[in-house]
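fold the following for me, if possible:
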Amino acid sequence: MARERTERAGPGGDAARAPWTPREDRGPVRYGPPAPDPGLPVLPELAGVVAAAAGRSEPEPTGGSKPLREAAAAYWTRRGLRGGPECVAAAPGASPLLLALIAAHGGDVLMPRPCPATWIPQARLLGRPAYHVPTPAECGGVPDPYALLETVRRVRAEGGRPRLLLISVVDDPTATVAPPELVREACEAAVAEGMHIVSDETWRDTLHRPHDTVLLSPAEMCPDDVTVVCDLAGALTPSAWPVAVARFPDTERAAARHARTLDILTALGALVAGPVAAAAAHALGEPEAVTARVRRAAALQAQVAAAAHRAVLAAGALARPPQAGRHLYADLGPLRARLATRGVTDSLELEEYLTERLGAPTPGGHRFGDELGALRVRLGTGPLLGTTPEQQMESLTAVEPLKLPHVARALSIFGTALDELR
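Below you'll find the model as predicted:
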């Protein structure tokens, strides 16, 4: 049984200044963080599609039905990635899909540091050696090309077989977008070394400034060597309805890996639920109600994330400006001395301290492959939008959401929790 605190920290109260006592059950994978919460109600149009399909009794085929795969292929075609439904596979969420993709490729896995929280456990579950590669200063999600080549050289010198590179051009956890020149250099380096690339593009439709941000998919540059993965919970569907899709290259080698992926999904019983598949196909078709929600949500998150970023910097911490998603990645290293007086000396303790202090999940950097001693956390912005569906919808439709009382109050608590560490 976990040891709990006897007092709950509150904004400005004495409990907030009490030393922090970490729990004993911290760290296991099952306590890993979910994706950043959107903080918004389910779109009624999608709920209607699920309700209409609730009477379906037959299961979806492995990899998704043809309507779902056709919708995914059309979605990618509109983004410049042409291909047919035969090159698409669907699964009940990004985790089983990525697990099947890693299993379908031989060799060792490389990934940037930091990286999405699910990547490391999946490689370990499969018994695959996994190696982190540093990212450049300007962004996360894509490794520094020179560090990538050095890592490949070192792994091979130690007898390893680097065969698969995982990247996220629009990144979780850092909420940054990798510049096209970096994407090109990293992908060309990986392909030249004989590696296949899995590009996680879950957050590509959540750009805060879509007209000012240049987003380049690795599949546009290396079409024969890149598999694209998209978890629809990033922008199109609720996380409670798990569904993700993968786009394979149109080559014979990729067709064999596609077939192997389907075999693994079958063995896992990883089938998309029928009503969820219907909603996913509808969302991938991008009707006006869906695209309007995506635009408004991204614009709202842009304002709230910018305000949260200002609060982080005002407290003396560090963070790259968020460019997408509903989160930011903060480095509280400059506040180390003050945190130490509260018993917080690593990211495990920081995760527990801020999760209770903010009343929302605040996963530490160790979840994303960062060093345990680094005081880094992913801060979600969804909880700042309100605690009821009514408040959340008010935030979504307001001209100036930061002036809404519930948003201003949430941001004040957020800022206070950080500012008291100065």
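
tell me how far residue 137 lies from residue 179.
Note on residue 137: its distance to residue 179, by Cβ to Cβ, to the nearest Å, is 12 Å. C-beta here means a position set from N, CA and C on the backbone, and glycine is covered the same way.

and those two? Which one has more around it.
residue 179 (18 against 7; other Cβ atoms under 10 Å).

so which residues of this protein form helices?
Using DSSP state H, the helices of the chain run over residues 44-52, 66-77, 94-104, 119-125, 145-157, 180-192, 218-221, 252-268, 274-284, 288-314, 336-340, 347-358, 389-397, 405-419.

format those helices as a markdown table; extra columns: mean pLDDT and distance to residue 206.
As requested, those are arranged in a markdown table below (pLDDT from 0 to 100; distance: least, Cβ to Cβ, whole Å):
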| stretch | mean pLDDT | distance to residue 206 |
| --- | --- | --- |
| helix 44-52 | 97 | 17 |
| helix 66-77 | 98 | 15 |
| helix 94-104 | 96 | 15 |
| helix 119-125 | 92 | 19 |
| helix 145-157 | 98 | 26 |
| helix 180-192 | 97 | 18 |
| helix 218-221 | 96 | 18 |
| helix 252-268 | 97 | 26 |
| helix 274-284 | 97 | 14 |
| helix 288-314 | 97 | 5 |
| helix 336-340 | 96 | 30 |
| helix 347-358 | 94 | 22 |
| helix 389-397 | 97 | 14 |
| helix 405-419 | 97 | 19 |
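
quick one, which of these is nearest to residue 368?
helix 119-125 (8.4 Å; Cβ to Cβ).

pull out the buried positions in that closest one.
Buried residues in helix 119-125, counted by 16 or more other Cβ atoms under 10 Å: 119, 120, 121, 122, 123.

can you check stretch 132-140 too?
Neighbour counts over stretch 132-140 (16+ other Cβ under 10 Å) mark 132, 133, 135, 136, 139, 140 as buried.

got phi/psi on the fifth one?
I take that to be residue 139. Dihedral pair for residue 139: phi -160, psi 170, per degrees, to the nearest 10.

on the pLDDT front, check it for me.
Listed pLDDT for residue 139 reads 96.

in this structure it contacts residue 180, no?
No - using Cβ atoms under 8 Å, residue 139 makes no contact with residue 180, being 11.3 Å away.

with adjacent residues omitted, what lies nearest to residue 63?
Excluding the flanking residues, the one nearest residue 63 by Cβ to Cβ, 6 or more residues apart in numbering is residue 89, at 4.2 Å.

no no, residue 305
Spatially, and ignoring its direct neighbours in sequence, residue 305 is nearest to residue 322 (4.2 Å; Cβ to Cβ, 6+ apart).

contacting residues around that neighbour?
Applying Cβ atoms under 8 Å, 6 or more residues apart in numbering to residue 322 gives the contacts 175, 176, 208, 305, 306, 308, 309, 328.

quick one: residues contacting residue 36.
Taking Cβ under 8 Å, 6+ apart, we find residue 36 in contact with 172, 325, 326, 327, 378, 380, 381, 382.

what would the residues you listed look like in CSV with pLDDT?
As requested, these are exported to CSV (pLDDT from 0 to 100):
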residue, pLDDT
172, 95
325, 97
326, 96
327, 96
378, 97
380, 96
381, 96
382, 95
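
among the residues you listed, which are located in strands?
327, 378, 380 (DSSP state E).

tell me the most packed of these, by neighbour count.
Neighbour counts for these (other Cβ under 10 Å) peak at residue 327, which has 27 neighbours.

who's that residue bridged to?
Taking DSSP bridges as the rule, residue 327 bridges to residue 380.

go ahead and confirm it touches residue 384.
No - using Cβ under 8 Å, residue 327 is not in contact with residue 384; the gap is 11.0 Å.

hmm, back to that, distance of the residue nearest to residue 305 relative to residue 304?
From residue 322 over to residue 304 the distance is 10 Å, taken as Cβ to Cβ.

got it, and residue 38?
Applying Cβ to Cβ, the value for residue 38 to residue 304 is 11 Å.

same question for residue 227.
Distance, residue 227 to residue 304, using Cβ to Cβ: 33 Å.

for residue 319, same thing?
Residue 319 is 14 Å from residue 304, by Cβ to Cβ.

who's more crowded, those two?
residue 304 (25 against 22).

next up, the contacts around the residue lying closest to the more buried one once chain neighbours are set aside.
Nearest residue to residue 304, sequence neighbours excluded (Cβ to Cβ, 6+ apart): residue 381, at 4.7 Å. Contact partners of residue 381, counting by Cβ under 8 Å, 6+ apart, are 36, 39, 301, 304, 305, 308, 326, 327, 328.
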